[in-house]
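> I'll drop the sequence and a predicted model, then ask my questions.
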Amino acid sequence: MKSGLLYDFVRAFQKNRLAFLAGCILVVIIFFAVFAPFFATHNPTYISLDREQIKLPPTASHFFGTDNLGRDIWSRMLFGARISLLIGFLTMIITVILGVAIGAVSGFYGGKLDFIMMRFVDILLSLPTIFLVIILAAFFKPNFFGIAAIIGMTSWMRTARLVRGQFLSLKEEEFVAAARALGYSDCRIIVFHLLPNVRPLIIVDATLLIAQAVLLESALSFLGFGVQPPQFSWGSMLSASQHIVFLGEAPWTAFFPGTAIFITVLCFNFFSEGLRDAWDPKLKNIVC
């Protein structure tokens, strides 16, 4: 992006105060997750044998209180953010790679290849994603990278359809005909001529994919199919707290991880909308 275009983009993005605020909040969340060891006040996996340290409400020594094993929730929130966000970003990368590759090939070549690939996409879209993810996670019992791979391999279809639609339109443009006349290969046309024109759409969709992945991982962990001990995420913290809250004890054990998931997903959605509007308002009709 040229400097003039970058300046216009930044100004347009800043005008969307909600998206700008969401971006700032996301920067803070990511910053605390990356530097979790510096901000954690206790060992997040330390189990206290002292009954007086179990299910403590928020205090000066335990900002977010403790859980039913005496573990500091503030410290666990910081380290849990690492897993939740890492799964979100890994899922996004896998989804974008698969979706862009399949959508680009399908849209560029069209014909029978496009028909076969899109019917395969239609079949996968007809399957309920959450149940498919749960089945795969229960069967393979993966670590956090495996969970990201499972979510990514079951979530690329929407991206593929978006990219395909753009390629079907762009491949008829004059610059593509000019590239063909110069003897450029199909691979070069796709990578260096078509993909740059679809980049804003891909980036906007990628931010939405991170939010979706964080939600799916949280749902998996809440059901017991996500990250397994000693690893933990916001979703697994929420799962561990459900019986405590059900008994009417220590509601803070569910409130803080649940709020973190809600705020993070909401901020990614607002941030994505801000990117979409700043880059091209026409994307409203494509990404929604």
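Thanks, I have it.
> poorly predicted segments of the chain, please.
For the chain, the stretches flagged by pLDDT under 70 are 1-7, 245-247, 280-288.
> which one's the longest helix in it?
helix 73-109 (DSSP state H).
> got the buried residues for that one?
Within helix 73-109, the residues that count as buried by 16 or more other CB atoms under 10 Å are 73-92, 94-96, 98-100, 102-108. To be clear about C-beta, it is placed using only N, CA and C from the backbone, and glycine gets the same treatment.
> now F270: how far from I93?
In this view, F270 and I93 are 22 Å apart by CB to CB, to the nearest Å.
> now L86, nearest residue through space, not along the chain?
What sits nearest to L86 in space, not counting adjacent residues and going by CB to CB, 6 or more residues apart in numbering, is F144, at 6.5 Å.
> quick one: contacts for the one you found?
Counting by CB atoms under 8 Å, 6 or more residues apart in numbering, F144 makes contact with I83, L86, I87, L90, V227, Q231, S233.
> repeat that for I134.
L220, L223, F225.
> and A40, by the same measure?
So A40 contacts D72, W74, S75, L78, F79 (CB under 8 Å, 6+ apart).
> can you pull up the bridge partners for the first one?
Note on D72: beta-bridge partners T66, judged by DSSP bridges.
> and the helices in the stretch 1-150 of the chain?
Taking DSSP state H, counting those that start in this stretch to define them, one finds helices in the stretch 1-150 of the chain at 3-15, 17-34, 36-39, 73-109, 111-126, 129-140, 144-153.
> any idea which of the contacts of I134 has the most stuff around it?
L220 (27 neighbours; other CB atoms under 10 Å).
> same for the helix or strand hosting it, what does it pack against?
Using DSSP states H and E, L220 falls within helix 195-222. Contacts defined by 3 or more CB pairs under 8 Å, 6 or more residues apart in numbering; DSSP states H and E place helix 195-222 against helix 73-109, helix 129-140, helix 144-153, helix 157-170, helix 234-246, helix 252-279.
> out of these, nearest to A33?
Among the helices and strands packed on helix 195-222, the nearest to A33 by CB to CB is helix 73-109 (3.9 Å).
> how far is that closest one from where the chain is centred?
5 Å (CA atoms, centre = their mean, to the nearest Å).
> between it and helix 144-153, how big is the angle?
Helix 73-109 runs at 40 degrees relative to helix 144-153, counting by axes from the mean of the first three to the mean of the last three CA atoms, to 10 degrees.
> pull the contacting residues for the closest residue to T159 other than its chain neighbours.
Nearest non-adjacent residue to T159, counting by CB to CB, 6+ apart: G99, 2.7 Å away. For G99, the contact set (CB under 8 Å, 6+ apart) comprises W156, M157, R158, T159, A160, L162, V163.
> run a quick neighbour tally on L49.
Neighbour count of L49, defined by other CB under 10 Å: 8.
> mind putting the contacts of F144 into a markdown table with distance to M118?
As requested, the contacts of F144 are exported to a markdown table (distance: CB to CB, whole Å):
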| residue | distance to M118 |
| --- | --- |
| I83 | 35 |
| L86 | 32 |
| I87 | 29 |
| L90 | 27 |
| V227 | 34 |
| Q231 | 38 |
| S233 | 35 |
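> ok, now how distant is V133 from S169?
Applying CB to CB, the value for V133 to S169 is 32 Å.
> more crowded one of these two?
The neighbour comparison of V133 against S169 (other CB under 10 Å) goes to V133, with 22 against 12.
> quick revisit: determine which two of the contacts of F144 are furthest apart.
Maximum distance among these (CB to CB): 14.0 Å, for L90 and Q231.
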